[in-house]
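Q: pasting the sequence and the predicted model now:
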Amino acid sequence: MHHFTATKMSPSMKMADQIDANPRLLLMLQHFNIDFRVSDLTVSQLCKQYEISEALFVDIANLYNGFGAKKNHTYTKKDLLQVIDFLKNSHHYYRSDMYPQINSYIQLLQKNHPEREFKLLNRFFNEYFTEVLEHLDYEDNVAFPYFIKLLKNRSEESVPEQFSSTEYSEHHTDIELKLHDLKNLLLKYVNIEGDLDLRRKLFFALYELEYDLFVHSLIEESILIPSGANIEKKENA
Amino acid sequence: MLKTTLHIVILESSKIIFEGLYSILYQSDIYCRVYRAENIDELSDILKTEKINIIIANPVHFVNRDKEINKIKKEFPSLSIVGIDFGVMHKAVIETDASFTLYDTPEHILHLISRMDNRNKSISGNSDDSDNLTKRELEVLTCIVNGKLNKEIAEELNISIHTVVRHRKNITTKTGIRSQSGLTIYAISKKIVEIEDIEI
Ligand SMILES: [Fe+2]
Ligand SMILES: [Fe+2]
């Protein structure tokens, strides 16, 4: 039976205890460029040491802890630039860690199971990841530069391509649905015999990716986009 | 008989009451997963991502939130709401399907909840999660696998586009697979189409 015990993080808690309760926070630390040896520091002390806004850190941690996004939170421009760095680091993790890792498992599985069915699965994964990479490129080249310009008060410079936030969240839904399909195919339908070690590693990697992508999209949709829209409004006023 | 897992949200800001209900549920033989919401907004967030069967709620959270509640009820008609009766009258803010007090025995509370479970089943009726596709759905699936568009499928099977869309929806609900390439792999794994028919 699944035990749902995530607690809401507050700044006075010890970071090490928080990681113990939810190891996924390690990924978050990495995206913030924070070392895993957090000693005996509280969340608040850790944020000070790394010059990260405490409110921002706690809000993102609580997304990782499974709580919904906060509404009407105001972040400073400096916070939002940190959010963009965080998102860029996550992109790096998808591209250079998760993708090669998952890909290598699938290649190995395909070698052991030359059925054509598996070939299709491989193609499905590659199509899926091409879509993910296109989305990451779009953000790195269009969306983020747009927000950075906005945050650095250089909105008079022309924006290369108009950015659309509805299109943006549609991408996210697409990406989530395909990953969901992939997991369901492996859990329910595709016939592979044995190879449990490899398949478990593949599952764990897919779940890790799914969770991080989920929080990632939440950060983009609930923190970055609304805050950007607010700044736009103020500046046009 | 296969028991399905009940997904239950406890809408209650008191941690003590939440933990109490939580441990009663987990120590019982009801298969369930329990979520916690401290207010209506958190409840809506959970409903967006999880398939919830039952809400156990402190009715105080419904006060002056009729609009949200009615929206939720409309959107999830099979959802049961069980109220916690605190002895304080909130002039029946909303209609609940059942209620219990904090002094009721665990057995009584569990009995109420399992009754809600049966009610759920009779409402959702035939929508068990099995992927037994009907003959028509299998035909539509084969067309999808062959890359046909809704309009082409409608013409080939001599049905309306609207009906094609409905079949597609059912196929997705039953299989859990949405994308065309995912459905292709499904159809092959289930030997609905021959792999040789597919170009790789
Ligand atoms: Fe992103
Ligand atoms: Fe994104």
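A: Cool, got the structure. Ligands and ions are numbered 1, 2, ... in the order given.
Q: hey, let's count contacts and neighbours off CA atoms from now on
A: OK.
Q: walk me through the domains of chain A.
A: Using automatic domain parsing, the domain parsing of chain A gives A:15-64, A:77-236.
Q: which stretch among the ones you listed comes nearest chain B?
A: Among the domains of chain A, domain A:77-236 comes nearest to chain B, with 5.1 Å by CA to the nearest CA.
Q: sketch out the low-pLDDT regions of the chain for me.
A: By default, I'm working from chain A. Applying pLDDT under 70 to chain A flags the ranges A:1-6, A:72, A:154-169, A:236-237.
Q: chain B, not that one
A: B:1-4, B:88-94, B:118-130, B:195-200.
Q: quick revisit: and the domains of chain A as TSV, adding distance to B:Thr175?
A: TSV is the format used below for the domains of chain A (distance: least, CA to CA, whole Å):
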stretch	distance to B:Thr175
domain A:15-64	29
domain A:77-236	8
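Q: of those domains, give the one that comes closest to B:Arg178.
A: For B:Arg178, the closest of those is domain A:77-236, at 6.6 Å, according to CA to CA.
Q: if we can go back for a sec, can you add distance to chain B and give the domains of chain A back as CSV?
A: CSV is the format used below for the domains of chain A (distance: least, CA to the nearest CA, whole Å):
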stretch, distance to chain B
domain A:15-64, 12
domain A:77-236, 5
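Q: tell me which element the nearest residue to B:Arg178 once chain neighbours are set aside is part of?
A: In space, and not counting its chain neighbours, B:Arg178 is closest to B:Thr172: 5.4 Å by CA to CA, 6 or more residues apart in numbering or on different chains. Using DSSP states H and E, the element containing B:Thr172 is helix B:161-175.
Q: what sits up against that helix?
A: Here helix B:161-175 makes contact (CA atoms under 8 Å, 6 or more residues apart in numbering or on different chains) with B:129-133, B:136-137, B:140-141, B:150-151, B:153-154, B:177-178.
Q: give the buried subset of those residues as a PyMOL selection command.
A: A single PyMOL command is used to select the members of those judged buried by 16 or more other CA atoms under 10 Å in any protein chain shown:
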select buried, chain B and resi 137+140+141+150+153+154+177+178
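Q: hang on, the earlier thing: chain center to the helix holding B:Thr172: distance?
A: Centre-to-centre, helix B:161-175 and its host chain are 17 Å apart (CA atoms, centre = their mean, to the nearest Å).
Q: now swap in stretch B:162-180 and tell me
A: Per CA atoms, centre = their mean, the centroid offset for stretch B:162-180 relative to its chain is 17 Å.
Q: would you mark the buried spots in that stretch?
A: B:164-165, B:167-168, B:170-171, B:173-180.
Q: same check, this time on stretch A:122-140
A: Those buried within stretch A:122-140 under the rule 16+ other CA under 10 Å are A:Asn122, A:Phe124, A:Phe125, A:Tyr128, A:Phe129, A:Glu131, A:Val132, A:Leu133, A:His135, A:Leu136, A:Glu139, A:Asp140.
Q: just list the residues touching the fifth one, thanks.
A: Going by CA under 8 Å, 6+ apart, A:Phe129 touches A:Tyr99.
Q: export the helix or strand containing it to CSV, keeping only CA atoms.
A: Following DSSP H and E, one finds A:Phe129 within helix A:116-138. What follows is helix A:116-138, C-alpha atoms only, in CSV (Å, rounded to 0.1, in the frame of the first residue of the first chain):
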residue,chain,number,x,y,z
ARG,A,116,10.1,-6.4,-34.7
GLU,A,117,7.6,-5.3,-32.0
PHE,A,118,10.5,-4.0,-30.0
LYS,A,119,11.9,-2.1,-33.0
LEU,A,120,8.6,-0.2,-33.1
LEU,A,121,9.0,0.6,-29.4
ASN,A,122,12.4,1.9,-30.1
ARG,A,123,11.1,4.1,-32.9
PHE,A,124,8.3,5.3,-30.6
PHE,A,125,10.9,6.4,-28.0
ASN,A,126,13.0,8.2,-30.5
GLU,A,127,10.0,10.0,-31.9
TYR,A,128,9.1,11.0,-28.4
PHE,A,129,12.5,12.2,-27.6
THR,A,130,12.8,14.2,-30.8
GLU,A,131,9.7,16.0,-29.7
VAL,A,132,11.1,16.7,-26.3
LEU,A,133,14.4,18.0,-27.7
GLU,A,134,12.5,20.3,-30.1
HIS,A,135,10.6,21.7,-27.2
LEU,A,136,13.8,22.2,-25.2
ASP,A,137,15.4,24.0,-28.1
TYR,A,138,12.3,26.2,-28.5
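Q: on the three-state scheme, the residue nearest to the spatial centre of chain B is what?
A: Central residue of chain B (CA atoms, centre = their mean): B:Lys51, 3.7 Å from the mean position. Taking DSSP: H, G, I helix; E, B strand; the rest coil as the rule, one finds B:Lys51 in the coil state.
Q: ok, it to chain A distance?
A: Going from B:Lys51 to chain A by CA to the nearest CA, to the nearest Å gives 15 Å.
Q: I figured that residue hits B:Val9, correct?
A: No - look at B:Lys51 against B:Val9 with CA atoms under 8 Å: they stay out of range, at 10.3 Å.
Q: mind jotting down where the helices sit in chain B?
A: Along chain B, the segments classed as helices by DSSP state H run B:15-27, B:40-49, B:66-75, B:106-124, B:135-145, B:150-157, B:161-175, B:180-189.
Q: and the third one, how far from the chain's centre?
A: By that I understand helix B:66-75. 16 Å.
Q: okay, it in PDB with CA atoms only?
A: The C-alpha atoms that make up helix B:66-75 are tabulated as PDB, following Å, rounded to 0.1, in the frame of the first residue of the first chain:
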ATOM      1  CA  ASP B  66     -20.900  26.800  -4.000                       C
ATOM      2  CA  LYS B  67     -19.700  27.800  -7.400                       C
ATOM      3  CA  GLU B  68     -16.600  25.600  -7.200                       C
ATOM      4  CA  ILE B  69     -18.400  22.700  -5.600                       C
ATOM      5  CA  ASN B  70     -21.100  22.700  -8.300                       C
ATOM      6  CA  LYS B  71     -18.500  22.800 -11.000                       C
ATOM      7  CA  ILE B  72     -16.700  19.800  -9.400                       C
ATOM      8  CA  LYS B  73     -19.900  17.900  -9.100                       C
ATOM      9  CA  LYS B  74     -20.800  18.500 -12.700                       C
ATOM     10  CA  GLU B  75     -17.400  17.600 -14.000                       C
END
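Q: what angle do it and helix B:40-49 make?
A: In terms of direction (axes from the mean of the first three to the mean of the last three CA atoms, to 10 degrees), helix B:66-75 departs from helix B:40-49 by 20 degrees.
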